[in-house]
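**Q** give me a model of this one.
(chains A and B)
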2 protein chains.
Amino acid sequence: MTDERHEFDLIRRLFAPLAASRPEALGLLDDAAILPPNADTELVVTTDCLIAGVHFRTEDPPETIAARALRTNLSDLAAMGAVPDCYTMALGIPNECDETWLTAFTQQLGADQKTHTIDLIGGDTVSTPGPLTITVTAFGRVPVASAIRRSTAHVGDNVYVSGHIGDAALGLALLKEELTGIPEPDMDYLINRFWYPSPRTMLGPALREVASAMADVSDGLLADLAHICSASGVSAIVIADDVPVSNAAKRLIDGAQTTIETLLTSGDDYELVFTATPSSAHHVQDIARETNTTVRRIGIIQASQSPMVALVDRAGTAIALDLPPGYEHQW
Amino acid sequence: MTDERHEFDLIRRLFAPLAASRPEALGLLDDAAILPPNADTELVVTTDCLIAGVHFRTEDPPETIAARALRTNLSDLAAMGAVPDCYTMALGIPNECDETWLTAFTQQLGADQKTHTIDLIGGDTVSTPGPLTITVTAFGRVPVASAIRRSTAHVGDNVYVSGHIGDAALGLALLKEELTGIPEPDMDYLINRFWYPSPRTMLGPALREVASAMADVSDGLLADLAHICSASGVSAIVIADDVPVSNAAKRLIDGAQTTIETLLTSGDDYELVFTATPSSAHHVQDIARETNTTVRRIGIIQASQSPMVALVDRAGTAIALDLPPGYEHQW
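**A** This next block holds a predicted model:
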């Protein structure tokens, strides 16, 4: 019990500062946090559970685990067009995560909180005999009735994606030593894209003006676009050559160490895939510039009896996929 | 991947009905749920993480695990005086939890949702190589500025507790076969008090009229009262003989198989401990009657330089405790 008491004090000391600026958190000292009333905004709520050995490697640096735990949730908020507000964190902590580990973990959370203007408001920490388990529930704000859904893509809309697709999957493959002979700068770039996703917390809310439907790319570009199609009752055609990939990824495709099809079905990108009318094409690019994000048109939405996503080359010839277009766990 | 897909469909089929009555949940089909604006109420947010082998036994029936996961959070809401509204659930599911297990688990959630008027609005399910891990984030509502804090107990207040204290700890001891020779009706009663806590979701909100400070009893009566004292800068005196215990617990005390001191420091009761002015004593009992709960005065709040909880007998003689008055993990 003395050890547990010590652990509790340690956690209080490390986590309480992350909530210091928020009176709603009640100093993390009460049974619950209290969010004030708000007549003008809706509260967007998302939850993600990350488990060592499943969503990250047990040996990954604590900073990278903290970054992924918070940023995957920030990406979900961005996908709804929501501005980050606050979050709770429940931690199942194995013995291996000592004070040094927890200090690095909470320092990264603090840095990410500043970058994305979000604060801790509550949580729970328990010892676990199993793997490190992190559950974040994140809250964002949108003006009433302005959240961007998956279910509102329209026939004739363009399909867009932010950033580059496939880097994170290549980074994970490098960490697992499934890829070799890669130049060190490319290795560092790709691994960091897996370890430190860039949730589009500026782009997402800005797209409320123009996007008809949106999702974040967590399960794979084609899978997440399929979720939009399925929810909207439409189909999509994606031109493989138009999907933006990084120079590092391009070199791996050119060297036959990966394929564009693999990158489109891999996941962990935490980019935004969205739809918008052709008449708003300039507006989309203006928003991209204003939020310092690259946004690329990759396809169109079509009418369909049975929603699906087709991948084609520039000539319009269908590209067969070996893999099903992914699946999702989050609901 | 086929197996995972199957699992996902299964989960969608079992969990989606739990969210069917809430448009906010977006059918569990989007990146996040959307709570509508509300100008009149504050949103109370609490999160609890339960892990197999730590908070329940792996072999416990799935119904009991579901009940504890939801009810421990409902108890936190009640302790703030909040009316239950909705919750998210993140599940780390090991292979052993098959369709039969998940069906029983979700059926109990559905039954508890009806009893306590709360609905699922979102979640996440992932496979885990470790123990079953359940994180619930629960939301309740209170009128603006009416939540009951821990930090507002006053010198001269009475201390009250609901229900009976110590049953759950005895139930757990029975499950672990640490107690023997108990009559079967007492065994059943005590084990069910551990498996199926009774969160005081009616009493808690009703006490907003009268309680000066409140907490739920999760770490042990004396420990949770100590949290109130520490947050309020006061001390408390508890009269051991006035603490309400069940007839089953009384028989175990009489048979020297447990002590009142053990029951007061054991936890898992999910009763409410609260303070109120002596002038409101009749009002407190009126509320208890109206909500079909027993509420018992067990002590008083005193001025103190260093907050503490003292246990005394009816003559006022201090009773020494072998154990420190517990500790808490949740923040």
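
**Q** for residue A:167, see how far away residue A:250 is.
**A** As defined by CB to CB, to the nearest Å, residue A:250 lies at a distance of 11 Å from residue A:167. (Glycine included, C-beta is placed from N, CA and C.)

**Q** neighbour count for the two, which is higher?
**A** Neighbours were counted for residue A:250 and for residue A:167 using other CB atoms under 10 Å in any protein chain shown; residue A:167 has more, 27 against 13.

**Q** stretch A:208-215: how far from the chain's middle?
**A** A distance of 16 Å separates the centroid of the chain from that of stretch A:208-215, by CA atoms, centre = their mean, to the nearest Å.

**Q** indicate the residue of the stretch 1-150 of chain A located nearest to chain B.
**A** residue A:130 (2.5 Å; CB to the nearest CB).

**Q** now that residue, what's its secondary structure?
**A** Three-state assignment for residue A:130 (DSSP: H, G, I helix; E, B strand; the rest coil): coil.

**Q** need the helices for chain A, in chain order.
**A** In chain A, the helices defined using DSSP state H lie at A:2-15, A:62-79, A:99-116, A:167-175, A:184-195, A:203-206, A:221-232, A:247-254, A:260-264, A:281-290.

**Q** mean pLDDT lowest where, among those?
**A** Looking at those, the lowest mean pLDDT belongs to helix A:2-15 (a mean of 66).

**Q** once you drop chain neighbours, what's closest to residue A:95?
**A** With sequence-adjacent residues excluded and distances taken as CB to CB, 6 or more residues apart in numbering or on different chains, residue A:95 is closest to residue A:127, at 7.6 Å.

**Q** who does that neighbour form a beta bridge with?
**A** Listed beta-bridge partners, residue A:127: residue A:93 (assigned using DSSP bridges).

**Q** I'd guessed it sits against residue B:54; true?
**A** Yes - between residue A:127 and residue B:54 there is a contact under CB atoms under 8 Å: 6.6 Å.

**Q** list the contacts of the nearest residue to residue A:128 once chain neighbours are set aside.
**A** Nearest non-adjacent residue to residue A:128, counting by CB to CB, 6+ apart: residue A:92, 3.7 Å away. Contacts were defined as CB atoms under 8 Å, 6 or more residues apart in numbering or on different chains; by that measure residue A:92 touches A:126, A:127, A:128, A:130, A:131, A:132, A:133, A:134, B:49, B:51, B:133.

**Q** take the residues you listed and write them to a markdown table, including distance to residue B:259 and neighbour count.
**A** Output for the contacts of residue A:92, formatted as a markdown table (distance: CB to CB, whole Å; neighbours: other CB atoms under 10 Å in any protein chain shown):
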| residue | distance to residue B:259 | neighbour count |
| --- | --- | --- |
| A:126 | 27 | 19 |
| A:127 | 27 | 16 |
| A:128 | 31 | 23 |
| A:130 | 34 | 22 |
| A:131 | 38 | 21 |
| A:132 | 38 | 23 |
| A:133 | 36 | 28 |
| A:134 | 39 | 26 |
| B:49 | 31 | 31 |
| B:51 | 29 | 22 |
| B:133 | 34 | 28 |
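
**Q** which of those residues sits closest to residue A:153?
**A** For the contacts of residue A:92, the closest approach to residue A:153 (CB to CB) belongs to residue A:134, at 32.2 Å.

**Q** contacting residues around the closest one?
**A** Residue A:134 touches A:49, A:50, A:51, A:65, A:69, A:89, A:90, A:91, A:92, counting by CB under 8 Å, 6+ apart.

**Q** is the residue nearest to the fifth one when sequence neighbours are not counted in a bridge, and if so with what?
**A** Right, residue A:69. Among residues not flanking residue A:69 along the chain, residue A:134 sits closest, at 4.5 Å (CB to CB, 6+ apart). Under DSSP bridges, the beta-bridge partners of residue A:134 are residue A:50, residue A:91.
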